[in-house]
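**Student:** sequence plus predicted model, see below.
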Amino acid sequence: MPILARSSPQTGTLRSFHGLGIVCAVAAGVWLGGAEAPTKLVTAGFSPFAISLCMVLGVFVARWTLPIAFKGTNYVFRDLRSRPHLIAWAVLAGSLWAVANTLTIFAIRDVGLSIAFPLWNTNCLVGLFWGWFFFHELKGASAKSWVKVLGGAIAIVGSAVLLSAASVHSGSTTSSRAVSGVIAALGAGLMWGTMYVPYRKAYLSGMNPLSFVTVFTFGELGTMALLAFTLHDTGASLAAELHALRPSMLWLFLGGFCWVIGDLFQQYATKYIGIGRAIPLSNTNQLWGLAWGALVFGEFAHSSLTLRILVLSASAIMIAGALAITSASASVKERDSYMSAIIRECDRYKLDLADTVSAYHGPGSESAQSQARPWWDFLILTLAAGVFVWLAIGVQRPPIAMNLPSAAVLTIILFVFLFGCGWMLHRQTRFH
């Protein structure tokens, strides 16, 4: 293995980026938790498909705006041209995301945000399996690490079962609707867990997460439009539903924007610490979803004390399981297996190994980064800003009960993590 031998010194660099990956995963949890708050509009009687379509439109705007703001179209297209095989994988990942996001809307409608969140966070089990199966992420791991991973997985499954039982037997909804909500949330977890396979392939090939998401968004927008126009089955037409949502549409677009920020943090975490560790830690979004649901929307206001204790206990067990998985830090042998996976991707797709390793570990070669930006970069950013200005005209407070002081505190926390983690990424990677 002469190539592996030449690459082995990079394992020290892999270890140095472990802390950055952990911080990115935690920041992802904060932002992914906040992104789901606007979907509570489904409880006001709006169609889940209309809500999901609006959110995906906001995601589409954000997935183009942020990469262009940080890197520019020249960099993004150059990155895509150097790894064209990943375009199809990005579209597939976007399609899986759109299906999962739509399922979460149904889950929130049927069992509430506080209970749906932990159920779809079983995606960490799915991602953990795919990371082991496809990328050998635990290859060479110590017995202690395996115990942490398996113990954490058992804790997550057990807490999901407890939350399912709580939702079915709570008096807030009918049994049949609760069952459908549980199934929708678990289905979303399956879709999202599988979605990380294209992520990992992209970053082992050295692609920048900012480049990946620009293609990713075509898969999610196309799939969401197809779902919305073919499966929408409420009394009013989809156009009428969108018209009724117009005064609240800004909040859904902002929810999509928040999701993209959280997703980008999660993608950087996946790049630096792998699927099996990044997903469980970013699934601390459950705590933030619980905070938004309970503190802002009062989801537990009419629940029994027993149900509240059960939900909080199950949530604590799930988080403990996720942290146990994350604390299983990669050994030297496991870090060497990362290099083996990079070599395999380079051999499969005829990529330059030295360039791929450099791109995986840091800024890589960005000689064109100092070039002047083309005029269309500024046009795209202006159009994106114009969309939000237009949505802000005539915006109204969402037609649902909210605790505004709690919402303000949670929003401040969002921005603390945004600027803190963003500064670390810029300092260490220049957003590569």
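**Tutor:** Structure's in. What do you need? Numbering: from 1, shown residues only.

**Student:** going forward, measure contacts between C-alpha atoms and count neighbours the same way
**Tutor:** Noted.

**Student:** residues near F415, how many?
**Tutor:** Number of residues near F415 (other CA atoms under 10 Å) recorded here: 14.

**Student:** how close does it get to I317?
**Tutor:** To I317, F415 is 28 Å away according to CA to CA, to the nearest Å.

**Student:** per-residue confidence for T194?
**Tutor:** For T194, the model assigns a pLDDT of 92.

**Student:** phi, psi for it please.
**Tutor:** With angles defined as degrees, to the nearest 10, T194 sits at phi -70, psi -30.

**Student:** and what of the one 5 residues further on?
**Tutor:** The phi/psi pair for Y199 (degrees, to the nearest 10) reads phi -50, psi -50.

**Student:** mind listing what it touches?
**Tutor:** The contact partners of Y199, by CA atoms under 8 Å, 6 or more residues apart in numbering, come to A90, A93, Q267, T270, K271.

**Student:** okay, and which of those residues map to helices?
**Tutor:** A90, A93, Q267, T270, K271 (DSSP state H).

**Student:** out of these, which is most surrounded?
**Tutor:** Going by other CA under 10 Å, Q267 tops the ones in helices among the contacts of Y199 with 29 neighbours.

**Student:** contacts only, for it.
**Tutor:** Contacts of Q267 by CA under 8 Å, 6+ apart are Y199, P209.

**Student:** show the pLDDT at it.
**Tutor:** So Q267 comes in at 83 (pLDDT).

**Student:** cool, and T382?
**Tutor:** Looking at T382, the pLDDT reads 93.

**Student:** for the one 10 residues further on, same thing?
**Tutor:** Looking at A392, its pLDDT stands at 92.

**Student:** can you tell me the closest non-neighbouring residue to it?
**Tutor:** Nearest residue to A392 in three dimensions, chain neighbours excluded: L250, at 6.2 Å (CA to CA, 6 or more residues apart in numbering).

**Student:** over to A401?
**Tutor:** F297 (6.2 Å).

**Student:** state the number of residues packed around that neighbour.
**Tutor:** 22.

**Student:** now do the contacts for it.
**Tutor:** I400, A401, M402, N403.

**Student:** how far away is P118 from C346?
**Tutor:** P118 is 37 Å from C346, by CA to CA.

**Student:** who has more neighbours, these two?
**Tutor:** Using other CA under 10 Å as the criterion, P118 and C346 rank with P118 on top: 30 against 19.

**Student:** isn't the more buried one up against W288?
**Tutor:** No - with contact defined as CA atoms under 8 Å, P118 does not reach W288; the gap is 10.7 Å.

**Student:** picking that back up, just put the contacts of Y199 in a markdown table and tack on distance to E241.
**Tutor:** What follows is those, written out as a markdown table (distance: CA to CA, whole Å):
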| residue | distance to E241 |
| --- | --- |
| A90 | 30 |
| A93 | 28 |
| Q267 | 33 |
| T270 | 37 |
| K271 | 39 |
